[in-house]
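Would you be able to build a 3D model of this:
(one chain, ligands or ions: 1)
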Amino acid sequence: MELLHAFTVLITIFVGILGKVCAEADFTQWHPPGPGDSRGPCPALNSLANHGILPRNGRGMTIPILIKGISQGLNVGNDLTIPVGTVGLLASDSLLKLSFDLDDLSKHDELIEHDASLSREDIYFGDNTRFNSEIWQSVVDFFRHDERVNTTAAARARFNRVKVQSGRNPEFTYSAKNMIISYTETAQYLSVFGNPLTGNPRVDWVRTFFEEERLPYNEGWRPPKMTTNLATVTAMTLELILAGGEVLPEGLEVTENLVGKILAGKPIEGIIGNPPIINRIL
Ligand SMILES: *[C@@H]1O[C@H](CO)[C@@H](O)[C@H](O)[C@H]1NC(C)=O
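Modelled structure (predicted):
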């Protein structure tokens with residue numbers, strides 16, 4: 001009897017834990033960051049912190065915290081979260097704590113930060129962390145009259161940022177690594193606010209996300225049923241490359257393996273120097 005009771009208690013606890021893991025995140029408690037809160041160059045992590053789905057102070061990010069928040073909040077898979085988490089830990093001054101703060105991700109060009117962001121200025125001009133509305137407007141210009149962002153418009157908007165910054169930033173950096181990271185960012189907003197296979201998110205949802213760092217829950221958005229993972233992001237990256245007409249550096253073959261390595265900050269063999277920037281789409 002005693003044993004059976006213990007067993008029931010155990011099962012109840014277990015189901016309780018499962019219930020918690022599977023539960024949908026609470027999207028209704030959005031607040032802008034307070035004065036001491038850490039925010040970084042990544043609008044997705046900032047938004048999750050603003051909703052309290054990641055720690056609101058933006059500090060003490062560990063891999064388990066990121067996996068839970070990113071999966072519940074955006075249905076993005078561990079194979080994308082773990083590399084970025086690892087890279088974040090490398091950027092942190094407190095490697096021994098095994099956690100990082102969101103602003104640790106601003107370190108230029110070391111890890112995931114790169115020039116020609118969709119919504120941030122290049123480090124050369126000063127602030128590579130905070131949202132820049134003028135830069136974001138130049139992206140929105142590619143789809144402002146549409147209801148949805150299609151792959152072509154997203155690809156052109158992204159490539160335009162590369163061309164504009166390469167023209168005005170004397171210290172513009174654009175390695176194959178930067179290039180791929182930038183593609184995966186566009187692939188991820190198309191996936192999370194649209195569909196991981198077909199993209200096509202509502203323009204107003206994408207704008208709310210970048211402009212307010214808020215998930216457009218009140219406007220009807222819900223995390224997609226299908227997980228955004230390394231395979232879907234790689235496939236969408238290939239689509240974006242085709243749609244935008246950018247020429248890849250010689251020898252660069254975009255595969256899941258390559259994208260995974262780049263996101264994890266691992267070296268990629270055989271690719272040296274900057275990819276050619278060719279204005280094919282003008
Ligand atoms: C994609 O959006 C662009 C920009 O509005 C538009 O010109 C183009 O026709 C769209 N393409 C498709 C296939 O819908």
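
Near the ligand, which residues of the protein are found?
Applying C-beta under 6 Å from any ligand atom, we find that the chain lies next to the ligand at 143, 146, 150, 152, 153. Using the backbone N, CA and C atoms, a C-beta is placed for each residue, glycine as well.

Swap in 5 Å and give it another go.
146, 150, 152, 153 (C-beta under 5 Å from any ligand atom).

Tell me the buried residues within those residues.
150, 152, 153 (16 or more other C-beta atoms under 10 Å).

Please render the residues you listed as a markdown table that adds pLDDT to the earlier fields.
Converted to a markdown table, these look like this (pLDDT from 0 to 100):
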| residue | pLDDT |
| --- | --- |
| 150 | 98 |
| 152 | 97 |
| 153 | 98 |
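
would you turn the residues you listed into CSV with secondary structure?
As requested, these are exported to CSV (DSSP: H, G, I helix; E, B strand; the rest coil):
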residue, secondary structure
150, coil
152, helix
153, helix
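
For the closest residue to the ligand within the stretch 1-150 of the chain, give me its contacts.
Per C-beta to the nearest ligand atom, residue 150 is where the stretch 1-150 of the chain lies closest to the ligand, at 3.7 Å. Counting by C-beta atoms under 8 Å, 6 or more residues apart in numbering, residue 150 touches 143, 199, 200.

so the last one makes contact with residue 191?
Spelled out, that is residue 200. No: judged on C-beta atoms under 8 Å, residue 200 makes no contact with residue 191 at a distance of 10.1 Å.

So for these two, which sits in the more crowded spot?
residue 191 (28 against 15; other C-beta atoms under 10 Å).

Now that one: which helix or strand?
Using DSSP states H and E, residue 191 sits in helix 176-193.

So what's the residue count around the closest residue to residue 248 other than its chain neighbours?
Using C-beta to C-beta, 6 or more residues apart in numbering and skipping residues adjacent in sequence, the residue nearest residue 248 is residue 275, 6.3 Å away. Per other C-beta under 10 Å, the neighbour tally for residue 275 reads 20.

Also residue 61?
Neighbour number of residue 61 under other C-beta under 10 Å is 26.

For this structure, which segments are assigned as helices?
For the chain, the helices defined by DSSP state H cover 2-22, 43-50, 63-74, 78-91, 133-140, 151-168, 176-193, 203-212, 230-244, 256-263.

which helices and strands sit right next to the last one?
In terms of contact count using 3 or more C-beta pairs under 8 Å, 6 or more residues apart in numbering; DSSP states H and E, helix 256-263 is assigned the packing partners helix 78-91, helix 176-193, helix 230-244.

same thing with the fifth one?
Applying 3+ C-beta pairs under 8 Å, 6+ apart, one finds that helix 133-140 makes contact with helix 151-168, helix 203-212.

Looking at these, spot the one closest to residue 28.
helix 203-212 (14.7 Å; C-beta to C-beta).
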